[in-house]
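K.L.:
Make a model of this:
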Amino acid sequence: MRHGSLHADARPHPVLGLFVSAPSLAVAESVAREVCERAIGLDPALRGVRLLRCEAPLMTPYYEGLIAPPAHE
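P.N.:
Alright, predicted model coming up:
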């Protein structure tokens, strides 16, 4: 995991954004789920919190667009 960002005021539920570098989307989602479950299990302040969803957007197309040469018309 590279970075995390908590959006505690997000509605209808708080959102934890994790930035994970992984060889595949499945691995990224697995790492994110493990981090969340570990935090919920270890921090007494999170007692009663349930993980509703754990999913990751695939960012490769976005970053490939940043390094691709501009199209010429």
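K.L.:
Averaged pLDDT, the top helix by length along the chain. What do you get?
P.N.:
With DSSP state H applied, the helix covering the greatest number of residues in the chain is identified as helix 25-42. Helix 25-42 carries an average pLDDT of 88.
K.L.:
outside of that helix, which residues touch it?
P.N.:
By Cβ atoms under 8 Å, 6 or more residues apart in numbering, the list of residues contacting helix 25-42 from outside reads 1, 4, 16, 18, 20-22, 46, 49, 51, 54-56, 58. No exception for glycine: its C-beta is placed from N, CA and C like everyone else's.
K.L.:
Tell me which residues of it come out buried.
P.N.:
By 16 or more other Cβ atoms under 10 Å, the buried positions in helix 25-42 come out as Ala28, Glu29, Val31, Ala32, Arg33, Val35, Cys36.
K.L.:
quick one, what contacts the nearest residue to Ser21 once chain neighbours are set aside?
P.N.:
Excluding the flanking residues, the one nearest Ser21 by Cβ to Cβ, 6 or more residues apart in numbering is Arg2, at 5.6 Å. By Cβ under 8 Å, 6+ apart, the contact set of Arg2 is Phe19, Val20, Ser21.
K.L.:
which secondary structure element contains the residue nearest the centre of the chain?
P.N.:
Centroid-nearest residue in the chain, with Cα atoms, centre = their mean: Leu18, separated by 3.3 Å. Assigned by DSSP states H and E, Leu18 falls within strand 15-19.
K.L.:
Which secondary structure elements does that strand sit against?
P.N.:
In terms of contacts (3 or more Cβ pairs under 8 Å, 6 or more residues apart in numbering; DSSP states H and E), strand 15-19 is packed against strand 3-7, helix 25-42.
K.L.:
re earlier: now render the contacts of Arg2 as JSON lines, adding neighbour count and distance to Ala10.
P.N.:
Listed next are those as JSON lines, based on neighbours: other Cβ atoms under 10 Å; distance: Cβ to Cβ, whole Å:
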{"residue": "Phe19", "neighbour count": "13", "distance to Ala10": "17"}
{"residue": "Val20", "neighbour count": "18", "distance to Ala10": "19"}
{"residue": "Ser21", "neighbour count": "11", "distance to Ala10": "24"}
